[in-house]
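**Q** pasting the sequence and the predicted model now:
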Amino acid sequence: MMHEELLQRISIDPKICHGKPCIRGHRIWVSLILDFLASGMTTEQVLADYPQLAAEDVQTCLVYASEMTRERTVHIA
């Protein structure tokens, strides 16, 4: 899938989860999935814990994070 197609799997709605980016159709935050991956979980482990998601949803979170780093910087001490 192209990045644009994958990003369509994310929704941002101020009425849902206070506007945090979520996997479309779920109240699962993109940041939660990214935290899991950053802690060392594999896609397969994430999907085992959240069987309602698809592998493309996890990939979408990585695409979203990649796009966000193009837009802003995080200062590391």
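**A** Nice, thanks for sending it over.
**Q** so what pLDDT did Leu53 get?
**A** What the model reports for Leu53 is a pLDDT of 97.
**Q** quickly find the element holding it.
**A** In the assignment (DSSP states H and E), Leu53 maps to no helix and no strand.
**Q** that one: neighbour count?
**A** By the measure other C-beta atoms under 10 Å, the count of residues near Leu53 is 20. Where you see a C-beta, it was placed from the backbone N, CA and C, and this is true even at glycine.
**Q** in contact with it, which residues?
**A** By C-beta atoms under 8 Å, 6 or more residues apart in numbering, the residues touching Leu53 are Ile23, His26, Ile28, Ile33, Val46, Leu47.
**Q** how near is Asp49 to Glu4?
**A** Counting by C-beta to C-beta, to the nearest Å, the gap from Asp49 to Glu4 is 28 Å.
**Q** cool, Ile28 as well?
**A** 21 Å.
**Q** so these two - more neighbours on which side?
**A** Counted by other C-beta under 10 Å, Ile28 and Glu4 do not tie: Ile28 has more neighbours, with 18 against 8.
**Q** residues of the helix of greatest length in the chain that come out buried?
**A** Determined from DSSP state H, the single longest helix within the chain is helix 55-71. Judged by neighbour count using 16 or more other C-beta atoms under 10 Å, the buried positions of helix 55-71 are Asp57, Val58, Gln59, Thr60, Cys61, Val63, Tyr64, Ala65.
**Q** now for those, which pair is the farthest apart?
**A** Spatially, the most separated pair among the buried residues of helix 55-71 is Asp57 and Ala65, at 13.3 Å (C-beta to C-beta).
**Q** residue contacts, Tyr50?
**A** If you count contacts by C-beta under 8 Å, 6+ apart, Tyr50 has them with Ile28.
**Q** show me the contacts for Ala55.
**A** Counted by C-beta under 8 Å, 6+ apart, Ala55 has contacts Thr43, Leu47.
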